[in-house]
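J.: I'll drop the sequence and a predicted model, then ask my questions.
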Amino acid sequence: MGFSAKQVQALRRDVDQRAVRTRTANGRELSYIEGWYVISEANRIFGFDGWSRETVETKCVLAREVRGTFQAVYTNRVRISVRAGGAVVVREGHGTGQGSGASVGDVHDIALKAAETDATKRALATFGKPFGLALYGRLISSPPIAGTSQIQISRAQVPLPPDDTTPIPRPSRYYGRRQDLVTRDRAQARKSLAAQPQALPNTSLVPEQPDATPDKIDKSALTIGEPKRIREKAHLRFVASHPCLVCGRQPADPHHLRFAQPRALGMKVSDEFTVPLCRDHHRQLHHAGNEIAWWNSVNIKPLPIAKALWFENHPVTAGGAGGESADGDADINDQDQTHIPPVMA
């Protein structure tokens, strides 16, 4: 065998349980280790220049768009070559990955990277236990309990002891341990705050809001506030009940006017800034890139229509959130009200 005695010993060692993660799929709890951890273990055991990865085949098996959300699924085949003494050991693995979102490029990039990572983990798992091979079919039996049958427990699901105060190990060997301790410290801090007999007086400059939950704050009330992003499915259904603004066809999709509020990472604008568009024009708008230029090309003023729809669906709160002006482009916002197409029977 070309591997050194130290490498053979490392390949026979079980995977570190602190690096094992769990997720639920189709009603079953699965154990796995993350891709970056597998690559780090390969660098530790084989050496940074002792192995290589080659993508043999990549194929996009699904690419579609559903109600403004793009989906993609990729398959990937990876070849791992490890230098063991004077020989080269070659193994291959297959993997799949999927992604979904509002950006076509991001969706394909996420699905492609997920497929490549999955294939890499499966190829490296053939070399030994520390790469995840120990997670397949490894069960331990708990002692029988009186009145019950014997219980099978997966080693990957054994929790950390509640009184564990082990110092944080080196990040190069034990991954995820730091996050476990941080989560535990936060839980202990919450219990300590809950055990206090009397709360401190409110000295915050932000006025109290009785309806606000302790975990969330109204960022619009801060000194440098952020716009509110209202989420209301009933209003989206109300907007979708109207015909398309461009062609008058039904059914329509509620389109969020992206220029109506400042952009935020992974967040749409508030549901009050939505207008109805048919599937064809909704797709055409998402592919246009410059939304303001697209609306100008069809000679429609969407922001007044969105506000009017919000006022119509919220007659009591029309002077509240729906009446607030958004920070958008002047070419769209500074326009007069436009007639709303009637709901088609």
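T.: Structure received.
J.: When you work out contacts or count neighbours from here on, use the C-alpha atoms and nothing else.
T.: Fine.
J.: how does the protein divide up, domain by domain?
T.: Following the assignment in automatic domain parsing, the chain carries domains at 5-138, 226-333.
J.: in the stretch 151-300 of the chain, which spans are strands?
T.: Assigned by DSSP state E, counting those that start in this stretch, the strands in the stretch 151-300 of the chain fall at 152-154, 253-256, 274-277.
J.: Please, which helix or strand holds residue 117?
T.: Assessed by DSSP states H and E, residue 117 sits inside helix 104-125.
J.: what does that helix rub up against?
T.: Helix 104-125 is contacted from outside by 35, 38, 42, 53, 55, 70-80, 91-101, 131-133, using Cα atoms under 8 Å, 6 or more residues apart in numbering.
J.: want to try CSV for the strands of the stretch 151-300 of the chain, with distance to residue 233, mean pLDDT and mean neighbour count as columns?
T.: Below are those laid out as CSV (distance: least, Cα to Cα, whole Å; pLDDT from 0 to 100; neighbours: other Cα atoms under 10 Å):
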stretch, distance to residue 233, mean pLDDT, mean neighbour count
strand 152-154, 41, 43, 13
strand 253-256, 10, 91, 22
strand 274-277, 12, 93, 28
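J.: Distance to residue 290 for those - can I get that in CSV?
T.: As requested, these are exported to CSV (distance: least, Cα to Cα, whole Å):
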stretch, distance to residue 290
strand 152-154, 52
strand 253-256, 14
strand 274-277, 17
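J.: all helices for this protein, in order.
T.: With DSSP state H, the ranges of helices along the chain come out as 5-12, 35-46, 104-125, 177-194, 233-240, 279-288, 291-297, 302-313, 330-333.
J.: To residue 28, which of those lies closest?
T.: In terms of Cα to Cα, the element of those nearest to residue 28 is helix 104-125, at 18.9 Å.
J.: Low-confidence stretches in the stretch 1-150 of the chain?
T.: Counting by pLDDT under 70, the stretch 1-150 of the chain has low-confidence residues at 1, 136-150.
J.: before we move on, the earlier item: report the inter-axis angle for the helix holding residue 117 versus helix 35-46.
T.: 40 degrees (axes from the mean of the first three to the mean of the last three Cα atoms, to 10 degrees).
J.: in helix 104-125, what's buried?
T.: Judged by neighbour count (16 or more other Cα atoms under 10 Å), helix 104-125 contains these buried residues: 104, 107-108, 110-125.
J.: Burial check on residue 38, number of neighbours?
T.: 21 (other Cα atoms under 10 Å).
J.: I'd like to know how far it sits from residue 20.
T.: With distances taken as Cα to Cα, to the nearest Å, residue 38 is found 11 Å from residue 20.
J.: cool, and residue 64?
T.: Distance, residue 64 to residue 20, by Cα to Cα: 33 Å.
J.: neighbour count winner among the two?
T.: Higher neighbour count among residue 64 and residue 20: residue 20, with 19 against 12, using other Cα under 10 Å.
J.: Show me the beta-bridge partners of that one.
T.: Beta bridges link residue 20 to residue 33 when assigned by DSSP bridges.
J.: what sits against it?
T.: Taking Cα under 8 Å, 6+ apart as the contact definition, residue 20 lies against 31-34, 156.
J.: nearest to residue 243, of these?
T.: Of all the contacts of residue 20, residue 243 sits closest to residue 34, with 46.8 Å by Cα to Cα.
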